[in-house]
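[1] the following comprises the amino acid sequence and a computationally predicted model.
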Amino acid sequence: MQHIAVVIPCYREKHHILDVLGKFEATIDQIIVVDDACPDKTGEFVRENTNDPRITIVTHEKNQGVGGATISGYQKAMALGADIIVKVDGDGQMDPAMIKTLIQPILLGKADYAKGNRFYRLNGLSKMPAFRLIGNLILSFASKMSSGYWKIFDPTNGFTAIHSKIAQELALDKISKDYFFESDILFQLNIARAVVADVPIQAIYGEETSNLKISRILLPFIAKHIANLFRRIFYNYFLRDFSVASIELVVGVVFMLFGTIFGGVEWYESSATGVTATPGTVIIAALPLVVGSQLLISFLNFDVQNQPDQPLHPSL
C-alpha cells in the first residue's frame, strides 16, 4: 500500500478548514495543515477543534506564500514517510473525494505528477467568472511554452499530486513561493524529465473568496513564464543536449533577425528617399524571413513532441 499524505496550505481559511478536513476518506494516511502565519490562527483553530490523529500542524512564523507553505508541507510529508503527496487548498474549492482519481496515474506508474484540469468538463465552466476564465486561458498557453508540457492545461490549478521520489529530485528551494508555484513546479518537473498527467476535475465555487486575483498576477506571471522559457530552452537544447532542433532554433532566430533588421532599414531608406527598393533587395529581406520562420516552426514541432513520456519514480 502506498502511504498517502495531504498538504493543505492555509491563509485565512478558518471558516472553511473544518469542513474540508471532515471530507477526507480513511485511505489518507497523513493530513498536514500548514498555517502560513495566518492572522486568524488557522493552525491553532484546527488543533483546538479536531481530534483526528492523522492531522499534523506546521506553523510559519512569517508568511511565505502558498508556494512556501506547500514546500513546507512536502518536506514534512517526506519526513513522515509519504509515498504520494497531494496538495489541497483549504478554501473548499476542491473535492477530497476526487483524490483517489487524481492519484491514479501515479499509482499505475503512468505519471510522476498529476494535476487537476477544471476545463475538461465544459458544464462546469459556466460557474467560473468570465475574467478568471480568460485569464486562465492566457496563463495556460504561457505555461505550455515555459514548461514544455504542451498537452496539459489549467496550470494555476492547485489540486495536485506528486510522488515523493520526484519531490526529492526537485530543487524545492528554487521554486517560486508565491502563487506562481504551480506553474514554476511544472518548469522544474520538465527539467527533471518527469511525466505529468492532466486529470479532469470539477471545481467547486461557493461563498469562499479567492486570494488569487487574475488582474493582479497576469502580467507578472507572463514575465516569469518568459524567463522560464529561455531557461528551459537553454538547459534542454544547449546544456543537456545539442541536436538538429538546436541548430534550427539558432539559425532560425539569426535569419529572422537579419530579415527583420535589413528589411526595416531598407524600407526606411526607401520611404525617406522616395526611391523604390530593387527586387533583389526585397528578396534579400524576405527570403531569410521565410526560411527563418520555417526553421522556427520545425523547432516548435520538435519541442511539442519532446514532452517526457517515461515516468521516473519507478526506477528511482
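    Looks like it arrived, so ask away.

[2] can we go C-alpha only for contacts and neighbour counts from here?
    Noted.

[3] mind telling me what element Thr56 is part of?
    Element membership for Thr56, per DSSP states H and E: strand 55-59.

[4] repeat that for Met256.
    Going by DSSP H and E, Met256 is in helix 244-273.

[5] any idea how far that helix is from the chain center?
    On the basis of CA atoms, centre = their mean, to the nearest Å, helix 244-273 sits 34 Å off its chain's mean C-alpha point.

[6] can you state the direction angle for the next helix or strand after that helix and helix 244-273?
    Next along the chain after helix 244-273, taking DSSP H and E as the criterion, comes helix 279-305. For helix 279-305 against helix 244-273, the angle by axes from the mean of the first three to the mean of the last three CA atoms, to 10 degrees is 150 degrees.

[7] got the end-to-end distance for stretch 304-311?
    18 Å (CA to CA, to the nearest Å).

[8] for stretch 99-117, that is, sorry about that
    Distance between the two ends of stretch 99-117: 13 Å, counting by CA to CA.

[9] what's near enough to touch Asp89?
    Residues in contact with Asp89 (CA atoms under 8 Å, 6 or more residues apart in numbering) are Ile8, Pro9, Cys10, Gly158, Phe159.

[10] that one sits in which helix or strand?
    Using DSSP H and E, no helix or strand contains Asp89.

[11] over to it: give its phi and psi.
    phi -70, psi 150 (degrees, to the nearest 10).

[12] and it, how far from Ala223?
    Where Ala223 is concerned, Asp89 sits at a distance of 25 Å (CA to CA).

[13] can you check Gln305 too?
    25 Å.

[14] how far off centre is the helix or strand in which Phe131 is found?
    Here Phe131, judged by DSSP H and E, is contained in helix 130-147. Centre-to-centre, helix 130-147 and its host chain are 10 Å apart (CA atoms, centre = their mean).

[15] and after it, which helix or strand comes next?
    Next along from helix 130-147, by DSSP H and E: strand 160-163.

[16] partners of that following strand, with directions?
    strand 84-87 (antiparallel), strand 113-117 (antiparallel) (DSSP bridges).

[17] average model confidence for that strand?
    Strand 160-163 carries an average pLDDT of 98.

[18] so what touches the helix or strand that comes right after that strand?
    Per DSSP H and E, the first helix or strand lying C-terminal to strand 160-163 is helix 164-169. Residues outside helix 164-169 that contact it (CA under 8 Å, 6+ apart): Tyr74, Met78, Ala82, Asp83, Ile84, Ile85, Asp112, Ala192, Ala194, Leu312, His313, Leu316.
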